[in-house]
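Student: sequence first, predicted model second:
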Amino acid sequence: MGRNNDDNTGGSFIDPFAKNTGTEQFFKHTQLEELQAIVKATVNQKVPAAILGPPGVGKTTAVRSVTDELPTHKYSVVYLGQDQNGTNLLRRFAVSLGVQPRHHRQHLSMQISQWLLDNLNCGGKEIVVVADEAHLLEDSTLEELRLMTNADYDRQSPLTLILMGQPALRHRLKTPNLDALRQRLRYSYSLEGLDQEETIRYIQLRMTAAGLSPDFFEKDALILVFQMTEGVLRRINNLCSLVLLKAKSKKRTTVDQAFVQEIVELN
């Protein structure tokens with residue numbers, strides 16, 4: 001449950017907002033349900049899609065909540081999110097497919113495309129590619145990924161392509177260089193921060209899931225957390241974790257708006 005025995009009060013510190021608690025996946029809200037429906041449709045139809053949103057809003061968690069449920073005997077999910085360099089990304093893609101990557105980029109792209117086509121023709125697993133931080137990729141890399149979705153005179157696709165990135169990707173897709181990719185995207189969804197009511201429910205859910213009182217944060221404190229974080233999940237988690245740690249050191253049983261404001265100003 002996100003325990004840490006190193007806090008300065010000598011006892012164990014339960015952090016309901018730690019990254020490894022997984023509670024985000026169980027918090028249902030309108031945007032999450034809409035996004036999940038789009039990802040499911042994308043996979044079922046084998047069409048490209050773009051999932052956009054500012055950092056920390058929960059794009060990766062939301063997409064993963066769908067891809068993790070795909071039956072492994074039918075689907076193979078390839079996550080590409082570590083490389084901005086196109087050649088390195090394609091090499092990782094090839095390795096994920098079990099292919100020994102070629103040295104030259106052009107040959108590498110053709111090698112992957114041929115593997116995907118052979119896999120499609122022989123009825124292999126359906127390939128789902130999730131390209132994270134896509135706003136950082138070169139136009140040429142995005143174009144190569146687009147071309148890999150073509151097969152059989154464009155009547156079927158050998159993979160499902162899901163691009164995830166920050167809002168800058170939306171602007172790039174409007175440029176002439178990426179017009180072909182933009183036209184091919186069947187779905188595009190922008191994930192934003194939670195609203196005030198959702199933020200309050202989210203915080204209270206995580207507190208309850210950790211066995212802590214959902215009333216630990218007083219109403220005015222919850223409203224301030226929303227205002228300071230704009231409903232962005234990562235910011236909510238970071239601020240609430242810090243507030244809880246400071247409150248424990250001061251042996252507080254509740255926190256109000258003034259206490260949260262003090263933490264914000266100090267950090």
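Tutor: Perfect, I can see it now.
Student: spit out the contact partners of residue 197.
Tutor: If a contact means C-beta atoms under 8 Å, 6 or more residues apart in numbering, then residue 197 has no contacts. The way it works is simple: take the backbone N, C-alpha and C, and place the C-beta from them, glycine included.
Student: need the three-state assignment for residue 163.
Tutor: With DSSP: H, G, I helix; E, B strand; the rest coil as the basis, residue 163 sits in strand.
Student: can you pull the pLDDT of it?
Tutor: For residue 163, the pLDDT comes out at 97.
Student: that one touches residue 172, doesn't it?
Tutor: No: Residue 163 is beyond contact range of residue 172, at 10.6 Å (criterion: C-beta atoms under 8 Å).
Student: mind checking which of the two has more residues around it?
Tutor: Legend: neighbour count by other C-beta atoms under 10 Å for residue 163 and residue 172, higher for residue 163 (25 against 17).
Student: is the more buried one in a bridge, and if so with what?
Tutor: For residue 163, the beta-bridge partners are residue 50, residue 131 (DSSP bridges).
Student: that one and residue 186: what is the separation?
Tutor: Applying C-beta to C-beta, to the nearest Å, the value for residue 163 to residue 186 is 12 Å.
Student: residue 43 now?
Tutor: As judged by C-beta to C-beta, residue 43 and residue 186 stand 11 Å apart.
Student: in space, not sequence, find me the middle residue of the protein.
Tutor: residue 60 (1.1 Å; C-alpha atoms, centre = their mean).
Student: which other residues reach whatever helix or strand it lives in?
Tutor: Assigned by DSSP states H and E, residue 60 belongs to helix 59-67. Contacts of helix 59-67 with the rest of the structure, by C-beta under 8 Å, 6+ apart, involve 24-25, 32, 35-36, 39-40, 43, 51-53, 75, 77, 81, 128, 130, 132, 162, 164, 191, 233.
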